[in-house]
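K.L.:
what's the 3D shape of this:
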Amino acid sequence: MRTTNLHAIECQVSRRVTPLDRAWSWASAIRTTIVTAPTRLCCWALPLQQFAWLALEMEWACEDLVDAGAWPSDVELDIPGIKSPCQVRQLVESMLTHLQSLSNADVEESLVLVETRARARACLLALQSNRRDDWPAADAA
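P.N.:
Now for the predicted structure:
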């Protein structure tokens, strides 16, 4: 079943075995939401395409996590089920909050997870800043 329900997404992510795997799933879900949300929606007073930097940040996070040993496994989302910009914003911000709050369970994983959590926090702050211009990825990271 495809869903935009955050609880259902949490259930899918929580089944992942390692913190790296869970981080990859959150980052991938965020990226997918930004990339595939209906383009007719304007969110944060800008078209979603203006938030390509966020998708790029999450893509980089996914690459770093895979390099560190994460096993990719997509989270099923029902992006066409999103009907309003507020739903997009709430979903993305909630997923960023979950990503930034993941704990380190293993010393070897900690540096990659710390970096991923910091990236998620920076992106969340960028989205919550309510700026009307495109906050560059370099500023967010």
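K.L.:
Using PDB, list the CA coordinates for the strand or helix carrying E10.
P.N.:
Using DSSP states H and E, E10 sits within helix 6-14. Taking C-alpha atoms only, helix 6-14 is exported to PDB below (Å, rounded to 0.1, in the frame of the first residue of the first chain):
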ATOM      1  CA  LEU A   6       3.900   9.700   8.300                       C
ATOM      2  CA  HIS A   7       3.100   6.800  10.700                       C
ATOM      3  CA  ALA A   8       3.200   4.400   7.800                       C
ATOM      4  CA  ILE A   9       6.500   5.800   6.600                       C
ATOM      5  CA  GLU A  10       7.900   5.500  10.100                       C
ATOM      6  CA  CYS A  11       6.800   1.800  10.200                       C
ATOM      7  CA  GLN A  12       8.600   1.100   6.900                       C
ATOM      8  CA  VAL A  13      11.800   2.900   8.100                       C
ATOM      9  CA  SER A  14      11.800   1.300  11.500                       C
END
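K.L.:
average model confidence for the next helix or strand after it?
P.N.:
Sequence-wise, the next helix or strand downstream of helix 6-14 (DSSP H and E) is helix 19-36. For helix 19-36, mean pLDDT rounds to 91.
K.L.:
buried ones in helix 19-36?
P.N.:
Neighbour-count burial for helix 19-36 flags 19-35 (criterion: 16 or more other Cβ atoms under 10 Å). Backbone N, C-alpha and C define where each C-beta goes, glycine included.
K.L.:
Please give the centre-to-centre distance between the helix holding E10 and its chain.
P.N.:
Distance of helix 6-14 from the chain centroid (Cα atoms, centre = their mean, to the nearest Å) equals 13 Å.
K.L.:
Could you check the angle it makes with helix 19-36?
P.N.:
Counting by axes from the mean of the first three to the mean of the last three Cα atoms, to 10 degrees, helix 6-14 lies at 140 degrees to helix 19-36.
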